[in-house]
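S.K.: below are the sequence and a predicted model for it; my questions follow.
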Amino acid sequence: MRFYLRTPVATSPKQVWQGFSRKLFLDLAPPFPPFRLRRFDGCQRGDEVHIELGTSRLHYPWTALITDHGVLADGTYYFVDEGQQLPPPLRFWRHRHLLQPAPDGGTYIVEDLEYHTGGRLLDALLYPLVWAQFAWRRPIYRRWFGTPGRG
């Protein structure tokens, strides 16, 4: 299953890239499922992020590796995280973060996400939940990086 979610913000792509920090990662976390951040190296190739989902009684590790990052010719900053150890029922996770220049000097933050569980029906059933987890980020991005058109 794959989807894109695009959020316009007022800050330039370079400034948004510089703002992708441990603090932002924690602020972006939705209230459900509960999680603990165990490790956050950053957003450059070779960096790792380790989280633990669930409660102390029932928890699942999730590790991601930043497999690529850079700046494209059009000024788009990007990084890609790929799941290395995933909680059930996920079997595949690839998340491209694109910070595209917007015409007004701001940025389009694009979430380009692909995931698979091994079953098309289960992928489809999870879609609203996964989409909501990322839609949750939109007002947080605007709080951090400004809303376009507001001076």
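M.R.: Noted; the coordinates are in hand. Numbers count the residues shown, from 1 in each chain.
S.K.: for the rest of this, base every contact and every neighbour count on C-alpha atoms.
M.R.: Noted.
S.K.: buried residues in the longest strand seen in the chain?
M.R.: Counting by DSSP state E, the longest strand found in the chain is strand 59-71. Going by neighbour count (16 or more other CA atoms under 10 Å), the buried part of strand 59-71 is 61-69.
S.K.: quick check, nearest of these to residue 53?
M.R.: Set against residue 53, the nearest of the buried residues of strand 59-71 by CA to CA is residue 61 (6.3 Å).
S.K.: hey, what's the closest one bridged with?
M.R.: residue 52 (DSSP bridges).
S.K.: which two of the buried residues of strand 59-71 have the greatest separation?
M.R.: Maximum distance among the buried residues of strand 59-71 (CA to CA): 23.9 Å, for 61 and 69.
S.K.: ranges for the helices of the chain?
M.R.: If DSSP state H is used as the criterion, the helices of the chain fall at 13-19, 22-28, 120-135, 137-145.
S.K.: to residue 81, which of these lies closest?
M.R.: Of the helices of the chain, nearest to residue 81 by CA to CA is helix 22-28, at 13.0 Å.
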